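> Here is a sequence with its predicted model. Questions after.
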Amino acid sequence: MSLSTFDFNELTVSRVSRHYGRRRALDCVSITLRSGELVGLLGPNGAGKSTLLGLIATLIRPSSGSVAYGGRPASETSAALRSKLGFLSHDLQLYTELTARENLEFFAELYGLEDPRECAVRALKLAGLESRGDDLVQGFSRGMCQRLALERVLLHEPRLILLDEPFTGLDEAAGRTLVERLRALKADGRMVLLATHDLEAVEGLLDRIVILRKGRLVELTDVGASLRHSYRAELSRLNQP
Amino acid sequence: MNQRIFAGFLIVGVVMFAIAPVYIARAPYESTMGLIQKIFYFHVPAWFVMFSAVFISGIFSAVYLFKQKPVADRIAFAAAEIAVLFGVIGLITGPLWARKSWGVWWQWDARLTMALILEMIFCAYLLLRRYGGPGSDKLAAGLALFGLANVPFVYISVNVWRTIHPATSVVPQLAASAPGMFGPFVWCTISFFVLFFVMLMTRIRLEEQRAEVERLHLIVEKG
Amino acid sequence: MRNFFRVAWLVMRKDLKVESRSWEMVSTTLFFSVSCVLVFSFAFVREGRPIEGAAAGILWIAVAFSGTLALGPTFERERYHDALRGLLLAPVERSAIFAGKLLGIVLLMTLVEFVVVLLVALLFQAPFIANVLWIGALLILGNFGFAAVGTLFAAMLVRTRSRAVLLPILLYPIVLPALIAGVMGTLAVIQTEPNFDLARFWMSLLLFFDVIFATLALWTFEPVMTE
């Protein structure tokens, strides 16, 4: 399967479970995403959001169930699939001993992109870090690291974008920039699955909302005026025996 | 696991072990070593079993790593435990015999060194499974596979190493022993393998049941 | 195939760049090897003269200990900030990532050994310099085998508790044949009447060990890295 030709328009997670010994991290989770959809993944800490994202990113194998990318399982597509995946985990996957530019150039080269230098320059601009491009990441604030990490994940223009708490450490301005970036990605036909606690920031941005609680997934159908309000209501409903 | 086959082997094993001491006692005395030579009837079969267990553990570890079948992991784990157990038997009976027959507790020859290294590798396997935390099943499988791959190398390297320094002849040739010893030896070897089979099946069953308990736990927690 | 080497090269170059910012690994490994050799020099010198053949053993023990020390930080750096995941997510053969890391370690160990060889030759009056090609060949082959197994095990243990303790426990029994071959080969070269045929035998054993275990490690890297 050639790297450049593989693409997909639909992600199907079917009844996926994942347990670690006696701890059930995910319980029969099913979800479908299509191009141009921006889905919010909400839920309390420890609900299994990071596990689900890691699983969709092919880093974790499900204990049962399956994930299909355009109808094909991960094993069939491997490296080609990863060329269309972008996963920003909570730990940012950056090398602190390298500069921002070096980080971007390394990953651009690794992903086999044409003209890695140019890609890095563009990414720095989008992250608002042009002036800090040659500074070591070690000296960056959390917010700066977050912006850099996001652009690193988007370097190869992935079709499926998985974001784990991308608003962490971002001030209001940066948060708004991120929201605009996400809107643009959506318009570009990408699929975005976004796990977050920052409900105010994503107000009005999300197409669909799913809630993960104790490993189980529930779709939030009635959003109403306030996302936070609806989310809280749904959680308390789920908490009732 | 077919209950009847297992029960059959168990009975056969018990009977064979019950009769074995009679055969051993009736076997001819070895001229130079006397009674202590009879350790040989336990010592050599113990090592045979140990190496077989190492082989099984290594092969099934590879299957587990590449095919992800949980049953392969259970077999590998059970075999590793048995390897360590029979290895300990071998490592204790060996020096007891060596002290009497060669005058030293230990010799750095190919076979002994290989046995010691394998024992260490599989002890490390058990340590890893116990203290490694989640995911240690895969890591241990990797270790067992590497341990198995190591066997020919240790044998060659220590063999050539030993020829540089003079060494006393170590292992009695089976063909050279009196026929009176060969019979009991075969009997004991077969008994040990029956025991090995019984223990392996029991241990695998234990792992199966543990997996089942985990599965039930998950179902119960669902509610 | 070409992509495999390209990726390995990229990973290795990145590792070198990261190391060049602080030289932490090179300096600690070097310092540790030197301390090792000094400690041994007290243990193995009788009446001002080194025990016959001790130099070979000391050289390889220093290699083994310092190699183990170097392996920890290699993957610790990846674990910090979860950078290893970033590598595993790349659309490349995961074994190529392993190869890159392996080459980086071999390079580091070789660099450190330049100093160790000189030091041992000096302190123990061993004819290493006279036989520099033989010693060099043995060391490189030995390094490679040691690093192949060590890099895989260090990668395996990256998410494990007590990984610092477990690494030597797992590693040493497996690389023992390579260490034996290294010591015996070195001895064959530096003894008063060198036996080059024997040295050649040990070198071919090392080569065989390297091929088998590097292949095994390349194969098992991916299954072992997926949760």
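Everything's here; your move.

> From here on, just use CA atoms for contacts and neighbour counts.
Noted.

> who in chain B is up against chain C?
Residues of chain B lying close to chain C (Cα under 8 Å from any Cα of the partner chain) are B:65-66, B:117-118, B:120-121, B:124-125, B:128, B:131-136, B:138-139, B:142-143, B:146-147, B:150, B:153-154, B:157-158, B:161.

> The helix or strand of chain C with the lowest mean pLDDT pairs with which strands?
None of the helices or strands of chain C scores lower by mean pLDDT, DSSP states H and E than strand C:49-50, at a mean of 73. Looking at strand C:49-50 with DSSP bridges, its partner strands are strand C:45-46 (antiparallel).

> Now do the strand it pairs with: everything it contacts.
Contacts to strand C:45-46, defined as Cα atoms under 8 Å, 6 or more residues apart in numbering or on different chains, come from residues C:Ile51.

> again with stretch C:66-78
With Cα under 8 Å, 6+ apart, stretch C:66-78 has contacts from C:25, C:29-30, C:32-33, C:83-84, C:101, C:105, C:109, C:146-147, C:150-151, C:154-155, C:158, C:164, C:167-168.

> Those residues: which ones sit near chain A?
Among the contacts of stretch C:66-78, the ones lying near chain A by Cα under 8 Å from any Cα are C:Ala83, C:Leu84.

> Looking at the residues of chain B next to chain C, which are in strands?
Residues of the residues of chain B next to chain C located in strands (DSSP state E): none.

> Assign a three-state SS to A:Leu148, would you?
helix (DSSP: H, G, I helix; E, B strand; the rest coil).

> dump the residue contacts of it.
With Cα under 8 Å, 6+ apart, A:Leu148 has these contacts: A:Ala100, A:Ala123, A:Leu124, A:Ala127, A:Leu129.

> Select from these the one having the most neighbours.
A:Ala100 (29 neighbours; other Cα atoms under 10 Å in any protein chain shown).

> Just give the closest residue to it, not the sequence neighbours.
Using Cα to Cα, 6 or more residues apart in numbering or on different chains and skipping the chain neighbours, the partner closest in space to A:Ala100 is A:Gly133 (5.1 Å).

> Tell me how many other residues crowd C:Ala154.
26.

> So it belongs to a helix, correct?
Yes. With three-state DSSP as the criterion, C:Ala154 is part of a helix.

> how near is it to B:Ala144?
Using Cα to Cα, to the nearest Å, C:Ala154 is found at 16 Å from B:Ala144.

> repeat for B:Lys100
34 Å.

> Do you know the pLDDT at the closest residue to A:Ala149 other than its chain neighbours?
Nearest residue to A:Ala149 in three dimensions, chain neighbours excluded: A:Leu92, at 5.9 Å (Cα to Cα, 6+ apart). pLDDT for A:Leu92: 85.

> List the contacts of A:Leu92.
By Cα under 8 Å, 6+ apart, the contact list for A:Leu92 reads A:Cys145, A:Gln146, A:Ala149, C:His81, C:Asp82, C:Ala83.

> Three-state assignment for it, please.
Per three-state DSSP, A:Leu92 ends up coil.

> Give me the contacts around the longest helix anywhere in chain A.
When chain A is parsed with DSSP state H, its longest helix is helix A:172-187. Helix A:172-187 is contacted by residues A:Ser35, A:Gly36, A:Glu37, A:Leu38, A:Phe167, A:Val192, A:Ala201, A:Val202, A:Leu205 when judged by Cα under 8 Å, 6+ apart.

> Buried ones among these?
Taking 16 or more other Cα atoms under 10 Å in any protein chain shown as the criterion, what is buried in those is A:Ser35, A:Gly36, A:Glu37, A:Leu38, A:Phe167, A:Val192, A:Val202, A:Leu205.

> Identify the farthest-apart pair in these.
Taking Cα to Cα, the two most distant members of the buried ones among the contacts of helix A:172-187 are A:Ser35 and A:Phe167; they sit 22.5 Å apart.

> Nearest spatial neighbour of the most centrally placed residue in chain B, chain-adjacent residues omitted?
The C-alpha lying nearest the average C-alpha coordinate of chain B belongs to B:Met50 (Cα atoms, centre = their mean; 1.5 Å). Excluding the flanking residues, the one nearest B:Met50 by Cα to Cα, 6+ apart is B:Ala83, at 4.6 Å.

> gap between whichever helix or strand that neighbour is part of and the chain center?
Using DSSP states H and E, B:Ala83 sits in helix B:70-101. With Cα atoms, centre = their mean, to the nearest Å as the basis, helix B:70-101 stands 4 Å off its chain's centre.

> For that helix, buried residues please.
Applying 16+ other Cα under 10 Å to helix B:70-101 flags B:72-91, B:93-98, B:101 as buried.

> which helices and strands does the helix or strand harbouring C:Pro177 pack with?
Secondary-structure element containing C:Pro177, defined by DSSP H and E: helix C:163-190. Packing contacts for helix C:163-190, counted by 3 or more Cα pairs under 8 Å, 6 or more residues apart in numbering or on different chains; DSSP states H and E, involve helix B:110-131, helix B:136-164, helix C:54-79, helix C:132-156, helix C:196-225.

> give me phi/psi at the residue of chain C most remote from its centre?
No residue in chain C sits farther from the centre than C:Glu47, which is 32.6 Å out by Cα atoms, centre = their mean. The phi and psi values for C:Glu47, taken as degrees, to the nearest 10, are phi 50, psi 40.

> and the angle for the helix holding B:Ala83 with helix B:136-164?
Angle, helix B:70-101 to helix B:136-164, by axes from the mean of the first three to the mean of the last three Cα atoms, to 10 degrees: 30 degrees.

> would you list every one of the helices in chain A?
Using DSSP H, helices in chain A cover A:49-56, A:74-82, A:100-110, A:116-127, A:142-154, A:172-187, A:227-239.

> Report all helices and strands that the fourth one contacts.
In this case it means helix A:116-127. Judged by 3+ Cα pairs under 8 Å, 6+ apart, helix A:116-127 is in contact with helix A:100-110, helix A:142-154.

> cutoff 10 Å now
With contacts defined as 3 or more Cα pairs under 10 Å, 6 or more residues apart in numbering or on different chains; DSSP states H and E, the packing partners of helix A:116-127 are helix A:100-110, helix A:142-154, helix A:172-187.

> ok, residues contacting it?
For helix A:116-127, the surrounding residues in contact (Cα atoms under 10 Å, 6 or more residues apart in numbering or on different chains) are A:100-110, A:113, A:128-133, A:144-156, A:174, A:177-178, A:181.

> Can you mark which positions in the worst-scoring helix or strand of chain A on mean pLDDT are buried?
Within chain A, confidence by mean pLDDT, DSSP H and E is lowest for helix A:227-239 among all helices and strands, at a mean of 77. Residues of helix A:227-239 classed as buried by neighbour count (16+ other Cα under 10 Å): A:Leu227, A:Arg228, A:Ser230, A:Tyr231, A:Glu234, A:Leu235.

> Over to stretch B:38-56?
B:38, B:40-56.

> Could you do stretch A:17-37 as well?
By neighbour count on 16+ other Cα under 10 Å, the buried set for stretch A:17-37 is A:17-19, A:24-27, A:29-30, A:33-37.

> Reformat those residues as CSV; add distance to chain C and pLDDT.
Shown next, in CSV, are the buried residues of stretch A:17-37 (distance: Cα to the nearest Cα, whole Å; pLDDT from 0 to 100):
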residue, distance to chain C, pLDDT
A:Ser17, 14, 90
A:Arg18, 11, 89
A:His19, 11, 84
A:Arg24, 15, 83
A:Ala25, 13, 87
A:Leu26, 14, 89
A:Asp27, 17, 88
A:Val29, 18, 91
A:Ser30, 20, 92
A:Leu33, 20, 90
A:Arg34, 21, 90
A:Ser35, 21, 90
A:Gly36, 23, 89
A:Glu37, 22, 90
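
> hey, which helix is longest across chain B?
helix B:179-222.

> how about low-confidence regions in the chain?
With no chain named, the answer covers chain A. A:1-4, A:76-77, A:222-225, A:241 (pLDDT under 70).

> Oops, wrong one, chain B.
Using pLDDT under 70, chain B drops low at B:1, B:28-34, B:162-181, B:222-223.

> Alright, I will stop here.
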